[in-house]
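Asker: A predicted structure for the sequence below; I have some questions about it.
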Amino acid sequence: MISNKCIKLLLLTLYSNVANAQFGIFPIEVVTQAPTVSPKPPKMTRMPITDPPITAPPITVPPVTVPTDDREDTIAPDTTAPDTTAPDTTAPDTMAPDTAAPLTNDEEDRDDSEFLDENGFVLCFPGDATVQVQTSGETNKMISMKNLQIGDMVRVQGNDKYEPVYSFGHKNTYDTAEFMEVETSSSNTKLLLSAQHMVWEVTQEKFIPASEVRRGHVLEVSGKNDSMTAEVTTVRANVRKQGMYAPFTASGTIVVNGIVASSFVAIPILKSVSNQWIAHTGEFPHRFICHYMGSCANNETYDENGINQNWCVIPLQFIDWFFSTSNFVQWILVTLIFTTLSIFSIMEQVLVQPILGLGVIVLGTVMMTSSLSLGIKAKKQL
């Protein structure tokens, strides 16, 4: 009897031959005996892998083109040599000092500070300026400013009007100073005065500093018994003259060399208020003592620059200090100054026009009484 092992071996051999013939499968080798153990293979050693260097192909950048005016211009690389220009070693341009005569074109802008004398304030007219004085025998006597005295009746603004000189704000006989010369179309009307001294400009109807006078401005000139006008034709600066005089009158005006001028200089503390009103009203205490009381004729003293020591030195020092303060301090001072000047103005109106002054006092009293009455009624209602 054939054993099962032999039958399985025959079937497996048959299957292997059929599969190889039909499907091309290699015959399966059947192991009929125990396998022999081969010796252990030698240990493998990993060899380092060295990659060949990669060389990138050269990159060629095409030229950049920028369209300009519908055309394409090729921008070539800059191959020009660097700038080797030597630095400019020439000496700077040195301008020679201007030796020309003072400008007569009044339309040029001017700095007011250039008209101030090196010795300080110049608030006056020169000694050879002329004024018209009223005397007992001669109404139209002309005298020089250096011969004018306190108490002389001089012509002022208005038709044939005269007022006494009650004081001098500036009186210096010997020193020289720079003045402005204003010439008009009227004959023999040429006025010299300091830059900040004021004259009456007809078209503007106000007093303006001489430094602001321009060709074409119209000034008031005095005729024999009335006033006329004349147009400014020439304005010159830096005219040196001897003597400095500033006579004060009650109206604050004076006719010098036939032209209506102010007794004062411009003080631009309140820009929206007339400079003439500020100066004239601020002069009230001096005017009250020396003009209305008449007690200054023999008490005038002047410092080494000719400034009135009793009435002008301190105000000028105050003005100089005022402009050196901060804006906030100036604002406070301006409020106090305006209030004080308003009181001075009312007081003088009472002296000059008693009826008008009495009316102002009555009106003020009525308004104050009404305010007090309303306050009392409101308090009772509460």
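Answerer: Yes, it's here.

Asker: quick one: low-confidence ranges for the stretch 101-250 of the chain?
Answerer: 101-122, 137-139, 188, 224-225 (pLDDT under 70).

Asker: now do 50
Answerer: Where the stretch 101-250 of the chain drops to pLDDT under 50, the residues are 101-120.

Asker: where do the strands sit along this protein?
Answerer: 65-68, 71-74, 130-134, 141-144, 153-156, 161-164, 167-184, 190-193, 197-201, 206-209, 218-222, 227-248, 253-256, 259-265 (DSSP state E).

Asker: Gly359 is nearest to which of those?
Answerer: In terms of C-beta to C-beta, the element of the strands of the chain nearest to Gly359 is strand 161-164, at 25.2 Å. Backbone N, C-alpha and C define where each C-beta goes, glycine included.

Asker: how about the CA coordinates for that closest one, as CSV?
Answerer: C-alpha atoms of strand 161-164 as CSV (Å, rounded to 0.1, in the frame of the first residue of the first chain):
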residue,chain,number,x,y,z
LYS,A,161,-4.8,178.8,17.1
TYR,A,162,-2.1,179.3,19.8
GLU,A,163,-1.3,177.5,23.0
PRO,A,164,1.4,178.0,25.7
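
Asker: Residues touching it, excluding its own?
Answerer: Outside strand 161-164, the residues that touch it by C-beta atoms under 8 Å, 6 or more residues apart in numbering are 134, 151-156, 249-251, 291.

Asker: Out of those, which end up buried?
Answerer: Applying 16 or more other C-beta atoms under 10 Å to the contacts of strand 161-164, the neighbour count classes 134, 152, 154-156, 249-250, 291 as buried.

Asker: what comes up buried for stretch 226-237?
Answerer: 227, 230, 232-233, 235-237.

Asker: Nearest to Gln353, out of the buried ones among the contacts of strand 161-164: which one, please.
Answerer: Ala250 (13.1 Å).

Asker: Got the phi and psi for the closest one?
Answerer: Phi and psi for Ala250, reported as degrees, to the nearest 10, are phi -60, psi -40.

Asker: change the start of the numbering to 9 and stick with it
Answerer: New numbering, starting at 9: the last item is Ala258.

Asker: need the contact list for it.
Answerer: Counting by C-beta under 8 Å, 6+ apart, Ala258 has contacts 171-172, 174, 295, 299.

Asker: circling back: which of the strands of the chain sits closest to Ser381?
Answerer: Between these, strand 214-217 lies closest to Ser381; by C-beta to C-beta that is 41.7 Å.

Asker: thinking again about what came up before, so which of the strands of the chain is nearest Ser282?
Answerer: Ser282 lies closest to strand 214-217 among these, at 6.1 Å (C-beta to C-beta).

Asker: Can you tell me which helices and strands that closest one packs against?
Answerer: Helices and strands touching strand 214-217, by 3 or more C-beta pairs under 8 Å, 6 or more residues apart in numbering; DSSP states H and E, are strand 205-209, helix 283-290.

Asker: Quick one: list the elements packing against the shortest one.
Answerer: Read that as strand 205-209. Against strand 205-209 (3+ C-beta pairs under 8 Å, 6+ apart) you get strand 214-217, strand 226-230, strand 267-273.

Asker: rewinding a little: show me which of the contacts of Ala258 are buried.
Answerer: Here, 16+ other C-beta under 10 Å leaves 171-172, 174, 295, 299 buried among these.

Asker: picking that back up, now, which of the contacts of Ala258 sits nearest Lys279?
Answerer: Arg295 (24.5 Å).

Asker: Contact partners for that closest one?
Answerer: 174, 256, 258, 356.

Asker: that older thread, single out the most deeply packed of the helices and strands packed on strand 214-217.
Answerer: Across the helices and strands packed on strand 214-217, the average number of neighbours (mean count of other C-beta atoms under 10 Å) peaks for strand 205-209, which reaches a mean of 24.

Asker: State the distance from the residue nearest to Met355 when sequence neighbours are not counted to Leu359.
Answerer: Closest residue in space to Met355, ignoring its immediate chain neighbours: Phe292 at 6.9 Å, by C-beta to C-beta, 6 or more residues apart in numbering. According to C-beta to C-beta, to the nearest Å, Phe292 and Leu359 sit 9 Å apart.

Asker: With Met301 instead?
Answerer: Distance from Met301 to Leu359, by C-beta to C-beta: 10 Å.

Asker: Show me which of those two is the more surrounded one.
Answerer: Legend: neighbour count by other C-beta atoms under 10 Å for Met301 and Leu359, higher for Leu359 (13 against 10).

Asker: Pick out whichever of the contacts of Arg295 sits closest to Met375.
Answerer: Distance to Met375 across these (C-beta to C-beta) is lowest for Glu356, with 20.8 Å.

Asker: residues in contact with the closest one?
Answerer: Here Glu356 is in contact with 289, 292, 295-296 (criterion: C-beta under 8 Å, 6+ apart).

Asker: correct me, but the residue nearest to Met355 touches Phe352?
Answerer: Yes: Phe292 lies in contact with Phe352 (C-beta atoms under 8 Å); the separation is 4.1 Å.
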